[in-house]
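Trainee: using only what follows, build the 3D model:
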Amino acid sequence: MAHDLVVLYEHPEWQKPLFAALEKRGVDFAPFDLKKAAFDPSSVPDALVYFNQASPSAYVRGNTRAVPLCYSLMRSLELGGAKVLNGSAAFTLEITKSTQAALMHKLGIGHPKTLAFNDVEAALAQWGDNWPALVKPEQGGSGARMFLLHEADELRRLLRDKPDIWLPDNLLMLQEYFPVDPARGIIRMEFLDGELLYAMRVVSHGAFNLCPSEVCNPESGEGHCAIPEAPPAPPVEFYPYPEVPAAAVDAGKRLMAAGGLDVGGIEYLEAADGRLIFYDVNANSNLRPPIARAFGFEPFERVVDYLQRQIAAVK
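Mentor: Residues are numbered from 1 along each chain as shown. Modelled structure (predicted):
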């Protein structure tokens with residue numbers, strides 16, 4: 001094998017903390033940039049362990065081709081007997097939000113009413129009068145192309161005036177809208193190897209891009225990954241949340257296990273009636289060091305611990 005570890009990635013800024021932690025530990029690893037790549041399906045694997053860090057939001061950065069190549073590469077690796085962390089099953093779950101809703105339904109986890117569609121009138125015929133609602137891309141990421149709508153004609157006008165919203169896969173979703181207390185925001189839990197790393201409360205001020213990476217959402221609010229169509233908003237705020245309910249942690253653990261995720265983030269909101277409503281599963285988890293430090297550890301050191309254990313297990 002050429003290396004102990006290969007990290008599949010598309011966003012170089014997101015990976016800098018992980019690469020630095022790997023180098024610090026002396027791990028024999030190689031980065032694999034998915035943006036401009038090629039592979040021979042009959043000549044893989046050539047590393048002991050692969051770690052997928054691709055994001056479905058690649059298309060908003062002009063890197064649409066990274067996602068299908070990543071998926072094909074991981075399937076070839078898995079068929080070749082490779083150990084792929086956050087592999088094709090986890091990636092499928094992340095890039096298909098309707099599958100996330102189906103999994104939550106199967107597990108009995110509270111989630112928004114969801115409708116996937118490729119035709120506006122077909123969607124409206126089934127959606128009925130369930131307004132307001134959110135429209136989202138099936139392959140989401142970084143809050144891109146999400147809109148809060150209040151009536152059927154708004155959806156018709158939106159898709160007439162902004163046909164590129166159908167990209168990248170010509171599949172959209174309508175999802176039930178739950179208003180939340182603006183001061184309380186939503187909760188994001190980060191998991192590693194089946195256990196909770198930390199939870200944080202995220203106050204968005206109306207923004208949809210809740211990426212926890214300090215590159216995208218620094219405390220200054222001047223991030224480098226802003227979604228072009230998003231209106232200006234105050235900086236997203238992140239707070240440690242040590243009192244996360246046991247029921248939420250249990251639901252997150254079950255989603256991680258059923259979805260085949262090794263590392264990931266699970267988001268939920270607190271409905272006005274007290275229910276916990278889960279709505280997003282993130283396999284590419286951008287850990288936020290200041291939050292983890294509030295809990296007494298460096299998050300990427302924990303990730304490297306896990307990666308080293310996986311390498312040792314197959315050596």
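
Trainee: tell me the SS of residue 31?
Mentor: Here residue 31 is recorded as strand under DSSP: H, G, I helix; E, B strand; the rest coil.

Trainee: element containing the closest residue in space to it that isn't next to it in sequence, please.
Mentor: The shortest distance from residue 31 to any non-neighbouring residue, by Cβ to Cβ, 6 or more residues apart in numbering, is to residue 7 (5.3 Å). Heads up, the C-betas are built off the backbone N, CA and C, glycines and all. Here residue 7 sits within strand 3-9, counting by DSSP states H and E.

Trainee: from residue 268, how far off is residue 197?
Mentor: 16 Å (Cβ to Cβ, to the nearest Å).

Trainee: neighbour-wise, which of the two wins?
Mentor: When neighbours are counted by other Cβ atoms under 10 Å, residue 268 comes out ahead of the other of residue 197 and residue 268, with 24 against 20.

Trainee: skipping adjacent residues, who's closest to the more buried one in space?
Mentor: residue 278 (4.4 Å).

Trainee: so what strands line up beside the host helix or strand of the one you found?
Mentor: In the assignment (DSSP H and E), residue 278 maps to strand 276-282. Here strand 276-282 is paired, per DSSP bridges, with strand 263-270 (antiparallel).

Trainee: ok so, going back, the residue nearest to residue 31 is in contact with residue 29, isn't it?
Mentor: Yes. With contact defined as Cβ atoms under 8 Å, residue 7 reaches residue 29; the gap is 6.2 Å.

Trainee: residues that sit against both of those two, list them.
Mentor: Common contact partners of residue 7 and residue 29 (Cβ atoms under 8 Å, 6 or more residues apart in numbering): 19, 22.

Trainee: would you map the helices across the chain?
Mentor: 12-25, 66-79, 88-95, 97-107, 120-127, 152-161, 246-259, 289-294, 299-314 (DSSP state H).

Trainee: out of these, nearest to residue 185?
Mentor: The closest of the helices of the chain to residue 185 is helix 289-294. By Cβ to Cβ, the value is 13.6 Å.

Trainee: run through who's touching that closest one.
Mentor: 17, 197-198, 200, 212, 214, 238-240, 298-300, 302.

Trainee: at 10 Å what do you get?
Mentor: Contact with helix 289-294 is made by 17, 188, 190, 197-202, 212, 214, 219, 238-242, 288, 297-302, as judged by Cβ atoms under 10 Å, 6 or more residues apart in numbering.

Trainee: pull out the buried members of those.
Mentor: Buried members of the contacts of helix 289-294, scored by 16 or more other Cβ atoms under 10 Å, are 17, 188, 190, 197-202, 212, 214, 238, 240-241, 288, 299-300, 302.

Trainee: before we move on, the earlier item: please save the CA atoms from the strand holding residue 7 in PDB.
Mentor: Output of strand 3-9 as PDB, limited to C-alpha atoms (Å, rounded to 0.1, in the frame of the first residue of the first chain):
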ATOM      1  CA  HIS A   3      -0.100   5.100   2.200                       C
ATOM      2  CA  ASP A   4      -1.800   4.300   5.500                       C
ATOM      3  CA  LEU A   5      -4.500   6.900   4.900                       C
ATOM      4  CA  VAL A   6      -6.000   8.800   2.000                       C
ATOM      5  CA  VAL A   7      -8.300  11.800   2.700                       C
ATOM      6  CA  LEU A   8     -10.900  12.500  -0.100                       C
ATOM      7  CA  TYR A   9     -11.700  16.200  -0.100                       C
END
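
Trainee: mind listing the strands it pairs with, and their directions?
Mentor: Counting by DSSP bridges, strand 3-9 is paired with strand 29-33 (parallel), strand 47-52 (parallel).

Trainee: the longest one: which residues count as buried?
Mentor: Put plainly, it is strand 47-52. For strand 47-52, by 16+ other Cβ under 10 Å, it's 47-52.

Trainee: could I get the residues you listed as TSV with pLDDT and distance to residue 99?
Mentor: Formatted as TSV, the buried residues of strand 47-52 follow (pLDDT from 0 to 100; distance: Cβ to Cβ, whole Å):
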residue	pLDDT	distance to residue 99
47	96	28
48	95	29
49	98	25
50	98	22
51	98	22
52	97	17
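
Trainee: what's the most distant pair in those residues?
Mentor: Using Cβ to Cβ, the two most remote members of the buried residues of strand 47-52 are 48 and 52, lying 14.9 Å apart.

Trainee: I figured residue 265 hits residue 190, correct?
Mentor: Yes. Counting by Cβ atoms under 10 Å, residue 190 is a contact partner of residue 265 at 5.2 Å.

Trainee: shared neighbours, these two?
Mentor: Shared contacts of residue 265 and residue 190 (Cβ under 10 Å, 6+ apart): 197, 199-200, 212, 252, 282, 285-288.

Trainee: what's the closest of these to residue 179?
Mentor: Scanning the shared contacts of residue 265 and residue 190 for proximity to residue 179, where the rule is Cβ to Cβ, the winner is residue 200, at 20.7 Å.

Trainee: bridging residues for that closest one?
Mentor: Bridge pairing for residue 200 - DSSP bridges - gives residue 188, residue 240.
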